[in-house]
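> With the sequence up front, the predicted model follows.
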Protein chains: 2
Amino acid sequence: MKTLRVPEATVTRLSIYSRFLERLDRNGITTVSSGEIAEGVGVSPAQVRKDLAYFGEFGTRGVGYNVKDLMKYTLKILGLDQTWSLAIIGAGNLGFALCTYYGFNVRGFYVAAVFDIDPTKIGKRIGKLEVQPLDSFPEVTGHEHIRIGVIAVPIRGAQEVADLLIKNGVEAILNFAPMALNVPDHIEVRNVDLSVKLEILTFNLGFRAAQNL
Amino acid sequence: MKTLRVPEATVTRLSIYSRFLERLDRNGITTVSSGEIAEGVGVSPAQVRKDLAYFGEFGTRGVGYNVKDLMKYTLKILGLDQTWSLAIIGAGNLGFALCTYYGFNVRGFYVAAVFDIDPTKIGKRIGKLEVQPLDSFPEVTGHEHIRIGVIAVPIRGAQEVADLLIKNGVEAILNFAPMALNVPDHIEVRNVDLSVKLEILTFNLGFRAAQNL
DNA sequence: TAGATTGTTAATCGATTAACAATC
DNA sequence: TAGATTGTTAATCGATTAACAATC
């Protein structure tokens, strides 16, 4: 089988198209063109068609795409035709927000457990969950295999948490600590750095000011 | 003056280098090479040198870079040689986490005000701040000009909030609602979508499974 | 001087865009 | 049929990498 490499930028946009299609579907729209998707998410129509072409032919020439079908296809491609259990490590304000984040639920993610090392946080309730001591990660997650861990601890604890997760069979990590984690090659890591985009804004505002001089 | 266009990917990495340099500096390290920076943040040494070259010559051949100096340069370039006041719109769990996010403070961001439309949230305290009714945005921010707004409201309210911010002189928006905002050309917008990276992980995990078949 | 590392150019690689035949 | 829109190829654009002279 020919394995075409899919650019990560394509997968990123696919996730965004997918969300947009859900919105169209909720609004009762049944058909959409690449141009309308492009307009809705802020890319070019050719980009939309090229991205989709990595995975198959989903449209009808002269007509466009069936919203519900394309939505299902994108979900399938992204692996969201199943529920994913997450473990969130860190029950601070960010961990709390992630545990209760509606945007995860709506996309088929399910927070199975939350952990912290801070005794004042352990036992606290977050929705239906109770914050567990990090030590108990193996037992707590033992019966249901957790493949994805979310790190929401300060920089100083992040690497240690990553090591623990990996030792316990976690295969992918979403890291909110603003640092690079050291992990084996077979572990997938993506960082979400809340400051980076803010600093792109300040860079651009400053740059704009410099242009005016 | 020759205006060289700086790729956004370069600015993104600059923000990451900057954080890494702060960490080195905190650990008392005084000199660093492009190779060590590269190693520390997960890019190539050539990439590091190329990125820095957009802005000047900061190193010494045969030696490397002075950590403290390079750190200051990167902060300056990113516009972080000043404090930026932010307004956060949305005092739900995510808004709360952003208000109290240490990573903003440490980079010179200051949350000047928080707003919501929900009467049950208005008046609630978040640290030293009190949640204000969104209507009062003009008065509250009147005396100190807020150039950057952070949107942490659900999709259905996001566009309306963006319009209000822009009407009141906000120049840049960091948008956590997973949708594309419609704004005039002169407004800078960057989206932080908490699900996208998670979906890259599920895509890759699913893809890996497919390879094994 | 010898070794190390930068700054920068040229080569490579990959992603986006434009264009259009296919086709509903 | 005429109009619309896809799927796909080729052209363009831009970013990354490799290589090396400059130089500490």
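That came through fine.
> So A:Leu129 sits against A:Asp116, correct?
No: between A:Leu129 and A:Asp116 there is no contact under CB atoms under 8 Å: 11.5 Å. For every residue, glycine as well, the C-beta is placed using N, CA and C.
> and whichever helix in chain A runs longest, anywhere near chain B?
In chain A, taking DSSP state H as the definition, the longest helix is helix A:8-26. Yes: figure legend: helix A:8-26 in contact with chain B (CB under 8 Å from any CB of the partner chain); contacting residues A:8, A:11-12, A:14-16, A:18-20, A:23.
> Any regions of chain A where pLDDT drops low?
Across chain A, the ranges flagged by pLDDT under 70 are A:1-4, A:208-209, A:211-213.
> One more pass at 50, please.
Where chain A drops to pLDDT under 50, the residues are A:1-2, A:213.
> what residues go with each domain of it?
A:8-77, A:84-196 (automatic domain parsing).
> Let me have the ones you listed in CSV, extended by distance to DNA strand D and mean neighbour count.
Formatted as CSV, the domains of chain A follow (distance: least, CB to the nearest atom of the strand, whole Å; neighbours: other CB atoms under 10 Å in any protein chain shown):
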stretch, distance to DNA strand D, mean neighbour count
domain A:8-77, 3, 17
domain A:84-196, 14, 18
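> of those, which approaches B:Ala152 most closely?
Of all these, domain A:84-196 sits nearest to B:Ala152, with 9.1 Å by CB to CB.
> where does the residue lying closest to A:Thr10 once chain neighbours are set aside fall, helix, sheet strand or coil?
Spatial nearest neighbour of A:Thr10, chain neighbours left out: A:Asp51 (4.7 Å); criterion: CB to CB, 6 or more residues apart in numbering or on different chains. At A:Asp51, secondary structure determined by DSSP: H, G, I helix; E, B strand; the rest coil is helix.
> from what I can see A:Asp51 touches A:Ser15, true?
No: look at A:Asp51 against A:Ser15 with CB under 8 Å: they stay out of range, at 10.7 Å.
> Against chain B, how distant is the closest residue to DNA strand C within chain A?
In chain A, the residue found nearest to DNA strand C is A:Gly62; the distance is 2.1 Å by CB to the nearest atom of the strand. Remark: distance between A:Gly62 and chain B (CB to the nearest CB, to the nearest Å) = 27 Å.
> Quick check: longest strand in chain A by residues?
Criterion DSSP state E: the longest strand present in chain A is strand A:109-116.
> give the contact list for A:Leu94.
Counting by CB atoms under 8 Å, 6 or more residues apart in numbering or on different chains, A:Leu94 touches A:152, A:176, B:97, B:101.
> Grab the nearest non-local neighbour of the last one.
So that's B:Tyr101. Spatial nearest neighbour of B:Tyr101, chain neighbours left out: A:Leu194 (6.3 Å); criterion: CB to CB, 6+ apart.
> Run through the residues that contact the closest residue to A:Ile187 other than its chain neighbours.
Nearest residue to A:Ile187, sequence neighbours excluded (CB to CB, 6+ apart): A:Ile166, at 5.8 Å. Residues near A:Ile166 by CB under 8 Å, 6+ apart: A:173, A:183-184, A:187.
> Many thanks, we can stop here.
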